[in-house]
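Novice: missing the sequence, but the structure's below:
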């Protein structure tokens, strides 16, 4: 347990790989620390908390080169205690590098204001003990990517920093295979399709994302699996992984996910829904140690299958 408001300094070193050769220093750091913004690192750089090959660099645009050794000192203010909790995990695969879990509906991935317990992080801290990557700090140990609270399915947890950096690079390069299943409102006309629309903060509501001209590039591929009278059962494959990407893209073509009251109608056509009907079914990547492609799938949750049976 950590004392409230205790200031700790965390020093980590990273060797620049060919993937990041020529990148700006702030961009390199925000890619390696996938849970932190570039602005966060720009402040650290200006404060003299970053060195390259032992030399302090205070220029955000400084270009890093392959084999450079980047050292980062991050002062962390620990205002809360994040504690291990004995919460059952649905484990799809585990070894000394990675843990693949099937996240249940309603579980937040990592602690945040209002959710400092009963999160996936609390559960994996108990299960893995001290075997979790520390790159994303005390709030997000092991977390290299995430899915929404009400989205179910497969998610990678990294058990050491080497695995974390490797998987983070694959996510940045868009080579991690991520396949989702979802039910949308209405009948989608085309059997297959591609949605490309930059995603950023909604200028009318900063709590939401939207397709906006100055957003980040986002591409979703889809195919129709089955059509019902009022709904369509679909498969989605992410080319990019932006916040709420599938939800925003489907809403942009007027087929929001069933149960999504943020991007769809507030009054849902089916009673008893608890968030969007979206399931991260399959995840595939190059294993950080074996360098072989691996793929894991999580079965549809019971509530989802019951809906499909009801609509058939």
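Specialist: Yep, that arrived. Keep in mind the model is a prediction, meaning the values are calculated, not measured. Residues are numbered from 1 along each chain as shown.

Novice: Break the chain into its domains for me.
Specialist: Per the record, the chain has its domains at 6-78, 80-171, 178-280+304-311, by automatic domain parsing.

Novice: of all the ones you listed, which gets the most neighbours per residue?
Specialist: domain 80-171 (a mean of 19; mean count of other CB atoms under 10 Å). For glycine as for every other residue, the C-beta is placed from the backbone atoms N, C-alpha and C.

Novice: Just put the domains of the chain in a markdown table and tack on mean pLDDT.
Specialist: What follows is those, written out as a markdown table (pLDDT from 0 to 100):
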| stretch | mean pLDDT |
| --- | --- |
| domain 6-78 | 84 |
| domain 80-171 | 90 |
| domain 178-280+304-311 | 95 |
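
Novice: Nearest to residue 294, out of the ones you listed?
Specialist: Taking CB to CB as the criterion, domain 80-171 is the member of those that comes nearest to residue 294, at 7.7 Å.

Novice: Show me how far that closest one is from its chain's centre.
Specialist: 10 Å (CA atoms, centre = their mean, to the nearest Å).

Novice: in which helix or strand would I find residue 178?
Specialist: When elements are defined using DSSP states H and E, residue 178 is found to belong to strand 177-185.

Novice: Do you have the strands of the stretch 201-312 of the chain handy? List them.
Specialist: Counting by DSSP state E, counting those that start in this stretch, one finds strands in the stretch 201-312 of the chain at the ranges 205-211, 219-227, 231-238, 278-286, 293-297.

Novice: Save these as TSV, and put in distance to residue 25 too.
Specialist: As requested, those are exported to TSV (distance: least, CB to CB, whole Å):
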stretch	distance to residue 25
strand 205-211	28
strand 219-227	28
strand 231-238	28
strand 278-286	26
strand 293-297	32
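
Novice: what's the closest of these to residue 64?
Specialist: The nearest among the strands of the stretch 201-312 of the chain, by CB to CB, is strand 278-286 at 22.9 Å.

Novice: For the helix ranked longest in the chain, which outside residues touch it?
Specialist: Longest helix of the chain, by residue count under DSSP state H: helix 161-172. Helix 161-172 is contacted from outside by 12, 14, 17, 19-20, 31-32, 34, 97-98, 133-136, 142, 144-145, 156, 158, 176, 241, 285-286, 288-289, using CB atoms under 8 Å, 6 or more residues apart in numbering.

Novice: before we move on, the earlier item: of the domains of the chain, which approaches residue 297 most closely?
Specialist: Nearest of the domains of the chain (CB to CB): domain 80-171, 6.7 Å.

Novice: mind checking the backbone torsions on residue 43?
Specialist: phi -70, psi -40 (degrees, to the nearest 10).

Novice: Also the one 10 residues further on?
Specialist: In terms of degrees, to the nearest 10, the main-chain angles of residue 53 are phi 50, psi 40.

Novice: helix/strand/coil for residue 89?
Specialist: coil (DSSP: H, G, I helix; E, B strand; the rest coil).

Novice: I'd say residue 33 and residue 136 touch.
Specialist: Yes. If you go by CB atoms under 8 Å, residue 33 and residue 136 touch, sitting 6.2 Å apart.

Novice: can I assume residue 260 is in contact with residue 246?
Specialist: No. Residue 260 is beyond contact range of residue 246, at 9.7 Å (criterion: CB under 8 Å).

Novice: one step back: could you tell me the angle between the longest helix of the chain and strand 278-286?
Specialist: Helix 161-172 and strand 278-286 are oriented at 110 degrees to each other (axes from the mean of the first three to the mean of the last three CA atoms, to 10 degrees).

Novice: Can you give the distance from helix 161-172 to the centre of its chain?
Specialist: The answer for helix 161-172 is 12 Å, by CA atoms, centre = their mean.

Novice: That helix to strand 177-185, inter-axis angle?
Specialist: Using the same axes, to 10 degrees, helix 161-172 lies at 50 degrees relative to strand 177-185.

Novice: Tell me where the protein has helices.
Specialist: Taking DSSP H as the criterion, the chain carries its helices at 25-32, 38-46, 120-128, 161-172, 245-252, 302-311.

Novice: among those helices, which is nearest residue 223?
Specialist: Using CB to CB, the nearest of the helices of the chain to residue 223 is helix 245-252, at 13.1 Å.

Novice: what does that closest one rub up against?
Specialist: 148, 180, 182, 184, 195, 197, 199, 209-211, 218, 220, 236, 238, 242, 256-257, 260, 262-264, 276, 278.

Novice: got it, and stretch 132-147?
Specialist: Contacts for stretch 132-147 (CB under 8 Å, 6+ apart): 2, 10, 12, 32-36, 74, 76, 78, 82, 99, 103, 109-112, 120-121, 124-125, 128, 153, 155-161, 163-165, 167-168, 171, 176, 241, 280.
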